[in-house]
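Trainee: Need coordinates for the below:
(2 chains)
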Amino acid sequence: MNTHETKFQRLWKTKNKNDEWWSSFVTSPIAILINMVVVDWAWLTPNKVTLFSLITGLTASGCIVIGGHTPFVMAAFLINISHILDCMDGQMATYRGVSSRFGNYFDKVSDQILIFFWFSAVAYAGYQENHEVMPVFLAFTGVAFYSLRVYVKYVTIFIEVENDKEYLEKSFAEATLIREESEQQAGPGTGLIKNCLWFLREQRKFFLFNEAVFVFMISVALLFDQICPMLWIFAVSQIYFGIIRTWQRGRQIYLGQHQELLKPMEK
Amino acid sequence: MGTYLERKQKLRETFKPREEWWSRVFATPLAHGILHVVADFKVLTPNRLTTLSFSLTLLTSLLIVSGMSSALLSAAILLQIAYVFDCMDGQLARYREVSSEWGSFLDKWSDYVKFPTVVLALMVAAYSQNASFTVIVMGFLSVFFIGYLPYLKGLSQQELSIGPWAVLSGKNFVERNLRFFLFEEAQLYLIVTICLLFQSSYWALVIICVTQGIVAFVQTARVFLLSRHSR
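Mentor: Below you'll find the model as predicted:
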């Protein structure tokens, strides 16, 4: 029992401290529980887990395209499974100490591809409802602005690397420093009240409207058949963040705040 | 006339032909020619040129949406003019030695936003002619691919230190012309211009969607293969 407890705590430590909203207290803890069992299976590598996540996610979009109540429920379920697997791969890699650049890259590319496939499928399902193009248009706008939001992050890197060859190393060191400073705010051994407070504080992250929130939004929309309202929220939130992130990074670059530019920014 | 020759020499040094195929053939040389005249106009700053190019492209999008045949014709020409301005800003900044991070951000950001706007306009125009679902899907796919390629580039640079676009960057004749098949920014503008001259936003969408889809797929596969070796 004692050894089991330490394994859980060691796994909990691999949990990303700035996890996104839904993953922070739902999919990531579930991923840890599953990892309790599978993390030592030698044949299961983190990259394979990422691949399973991608396949599950693509299957989910297939279900959405088929349409109908049962496929929708299945898709909502599969999207969450895909996200749990997505959390598992990182935890497993950190736990085993086998984090690789390829793994990190594969993980991020598959996230981007899945977001596109999910929203395309949802847009198609919305179109099928009453043959109006509005859902497609909304999904289209949302994905474009979500890409812009991500691009602002990378354009900053392009520009900074051009002027400072060591920018990537420096910003990586800065990110590590910030991560080490932030304490373990919740989890086993921190007490019930602290955990509850942490849970409440995490709710603010909902308004970041990033990938984990999409997982939740899509599942709810599929379960309650509210595709069009969900797509409105998606499009408006992504337009907002596309503009805000451009403004924030643009301002830092305009004012030449190099210390600020080293800090990682939410995409 | 020493100063004249000095100026000419200095201008020549800023001439960095982009590697893109159509840009190397058309826009960059033209931009360079115009710069010979306007390089010392105080009103023109590199950032103003970027903004001008951006506004012209947005205007083009509006013209495309309007759908009138004369509007499409002027859109076709405006688009190329906007692209020439886009090539001028970097050259001008190097000539005046005022290159800045802000200018670079403005340039890259507006490049990123511009093209999807044009595609969106093409989609609306094509849809108003022929209200088919395919048009919307193609617009949707194109914008995703166009946004995805820079993302792939940034990600592979940050995570893997791979420049996937280093492919076909050789200086020899064959490689330079094989870059045609990468269908980069300048060429997309060329495709749009040609299709607008033929009054067909539909075909512009088809070509952009198909070529960008293939390039996105191939580049993703390439980065995967390269990263396996680089580990």
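Trainee: if I pick the residue of chain B found nearest chain A, what's in contact with it?
Mentor: The minimum distance from chain B to chain A, using Cβ to the nearest Cβ, falls at residue B:154 (2.7 Å). Backbone N, C-alpha and C define where each C-beta goes, glycine included. Residues in contact with residue B:154, defined by Cβ atoms under 8 Å, 6 or more residues apart in numbering or on different chains, are A:151, A:153-155, A:157-158.
Trainee: Can you list which of these are found in helices?
Mentor: A:151, A:153-155, A:157-158 (DSSP state H).
Trainee: ok, those vs residue B:192, which is closest?
Mentor: Among the ones in helices among the contacts of residue B:154, residue A:151 lies closest to residue B:192 (Cβ to Cβ), at 21.0 Å.
Trainee: Next one, pLDDT for the residue of chain B closest to chain A please.
Mentor: In this model, residue B:154 is scored at 83, pLDDT.
Trainee: Now do it against residue A:116, distance only.
Mentor: 16 Å (Cβ to Cβ, to the nearest Å).
Trainee: returning to that earlier point: and the residue of chain B closest to chain A, what helix or strand is that in?
Mentor: Secondary structure assigned from DSSP states H and E places residue B:154 in helix B:133-160.
Trainee: Going by neighbour count, which residues in that helix are buried?
Mentor: Within helix B:133-160, the residues scored as buried using 16 or more other Cβ atoms under 10 Å in any protein chain shown are B:135-160.
Trainee: Ok, stretch A:191-209 next?
Mentor: In stretch A:191-209, the ones that count as buried by 16+ other Cβ under 10 Å are A:195, A:198, A:202, A:205, A:209.
Trainee: Tell me which stretches of chain B form helices.
Mentor: Along chain B, counting by DSSP H, helices occupy B:2-14, B:21-22, B:28-38, B:46-66, B:69-96, B:101-129, B:133-160, B:173-178, B:185-197, B:201-230.
Trainee: Could you save the ones you listed as JSON lines and add columns showing distance to residue A:112?
Mentor: Shown next, in JSON lines, are the helices of chain B (distance: least, Cβ to Cβ, whole Å):
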{"stretch": "helix B:2-14", "distance to residue A:112": "36"}
{"stretch": "helix B:21-22", "distance to residue A:112": "27"}
{"stretch": "helix B:28-38", "distance to residue A:112": "32"}
{"stretch": "helix B:46-66", "distance to residue A:112": "25"}
{"stretch": "helix B:69-96", "distance to residue A:112": "26"}
{"stretch": "helix B:101-129", "distance to residue A:112": "15"}
{"stretch": "helix B:133-160", "distance to residue A:112": "6"}
{"stretch": "helix B:173-178", "distance to residue A:112": "28"}
{"stretch": "helix B:185-197", "distance to residue A:112": "20"}
{"stretch": "helix B:201-230", "distance to residue A:112": "10"}
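Trainee: Contact residues of chain B facing chain A?
Mentor: Chain B comes close to chain A at residues B:101-102, B:104-106, B:108-109, B:112-113, B:116, B:127, B:133, B:136-137, B:139-140, B:143-144, B:147-148, B:150-160, B:220, B:223-224, B:227-228, B:230-231, as judged by Cβ under 8 Å from any Cβ of the partner chain.
Trainee: need the contact list for the residue nearest to the spatial centre of chain B.
Mentor: The residue lying closest to the centre of chain B (Cα atoms, centre = their mean) is residue B:185, at 3.1 Å. Contacts for residue B:185 (Cβ under 8 Å, 6+ apart) come out as B:20, B:23, B:111, B:115.
Trainee: looking at those, which has the most residues close by?
Mentor: In terms of neighbour count, residue B:23 stands highest of the contacts of residue B:185 at 24 neighbours, by other Cβ atoms under 10 Å in any protein chain shown.
Trainee: Name the nearest residue to that one, sequence neighbours excluded.
Mentor: Among residues not flanking residue B:23 along the chain, residue B:186 sits closest, at 3.7 Å (Cβ to Cβ, 6 or more residues apart in numbering or on different chains).
Trainee: My guess is residue A:21 contacts residue A:211. True?
Mentor: No: applying Cβ atoms under 8 Å, one finds residue A:21 not in contact with residue A:211, separated by 9.6 Å.
Trainee: Could you tell me which residues touch both of the two?
Mentor: Counting by Cβ under 8 Å, 6+ apart, nothing touches both residue A:21 and residue A:211.
Trainee: which residue does chain A bring closest to chain B?
Mentor: Going by Cβ to the nearest Cβ, chain B is nearest to residue A:154 of chain A, at 2.7 Å.
Trainee: didn't that residue look like it was pressed against residue B:159?
Mentor: No: using Cβ under 8 Å, residue A:154 is not in contact with residue B:159; the gap is 10.7 Å.
Trainee: now the residue of chain B closest to chain A: how far from residue A:168?
Mentor: Distance, residue B:154 to residue A:168, by Cβ to Cβ: 11 Å.
Trainee: One more: residue A:241?
Mentor: 24 Å.
Trainee: Which one's more surrounded, these two?
Mentor: Neighbours were counted for residue A:241 and for residue A:168 using other Cβ under 10 Å; residue A:241 has more, 21 against 16.
Trainee: Please save the CA atoms from the lowest-mean-pLDDT helix or strand in chain B in CSV.
Mentor: Using mean pLDDT, DSSP states H and E, the weakest-scoring helix or strand in chain B turns out to be helix B:173-178, at a mean of 72. The C-alpha coordinates for helix B:173-178 follow below in CSV (Å, rounded to 0.1, in the frame of the first residue of the first chain):
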residue,chain,number,x,y,z
PHE,B,173,18.6,26.5,-61.5
VAL,B,174,16.7,23.2,-61.1
GLU,B,175,16.1,23.6,-57.3
ARG,B,176,15.1,27.2,-57.7
ASN,B,177,12.4,26.3,-60.2
LEU,B,178,11.3,23.2,-58.3
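Trainee: Can you list the buried residues in that helix?
Mentor: For helix B:173-178, burial by neighbour count (16+ other Cβ under 10 Å) applies to residue B:176.
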